[in-house]
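J.: Build the 3D model from these lines:
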Amino acid sequence: MSAYRKKAAYAALKAYKLTLSPAFQVFGAQCRHVPSCSEYCAECVTRHGLWTGGWMTLARLSRCRPGGSRGYDPVPETVNPSPFWAPWRAGDWATTERPFPDAEPEKT
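T.: Purely as a prediction, here's the structure:
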């Protein structure tokens, strides 16, 4: 990824964190995952590049809504290889709950 595109992506993320994120919190909207969606985005782009990391972030944002998933959802170390024309395959689109690693299993 070119340095210019990387700087532009980080500038957009920083602008979001300084402007829109606090505005959403004023109205009670918070990320349902740990790490937060903006932190997830930064790590995805750093680890997997703008194209794949952007699609992974889009998948995460689609899960961070009422009725979506919640919990501990770290950036994967590796992603399944996908063709350039099908980058959505890198994202995790499932809306299942994501327990924290130290959480006790539910008793039935």
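J.: pLDDT on the one helix or strand Cys41 maps to, on average?
T.: Per DSSP states H and E: Cys41 is located in helix 37-48. The predicted model gives helix 37-48 an average pLDDT of 87.
J.: what comes into contact with that helix?
T.: For helix 37-48, contacts defined as CB atoms under 8 Å, 6 or more residues apart in numbering pick out 6, 9-10, 13, 16-17, 21, 31, 33, 35, 52-54, 56-57, 60-61, 64, 73, 75, 77, 79, 90. Placement of C-beta: from N, CA and C, glycine included.
J.: Among the residues you listed, the buried ones, what's the ChimeraX command?
T.: To isolate the buried members of these in ChimeraX, using 16 or more other CB atoms under 10 Å:
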select :9,13,21,31,33,52,53,54,56,57,60,64,73,75,79,90
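J.: If we go by neighbour counts, what in the helix or strand bottoming out on mean pLDDT in the chain is buried?
T.: Among the helical and strand segments of the chain, the one scoring lowest on mean pLDDT, DSSP states H and E is helix 20-26, with a mean of 75. The neighbour-count check on helix 20-26 (16+ other CB under 10 Å) flags Ser21 as buried.
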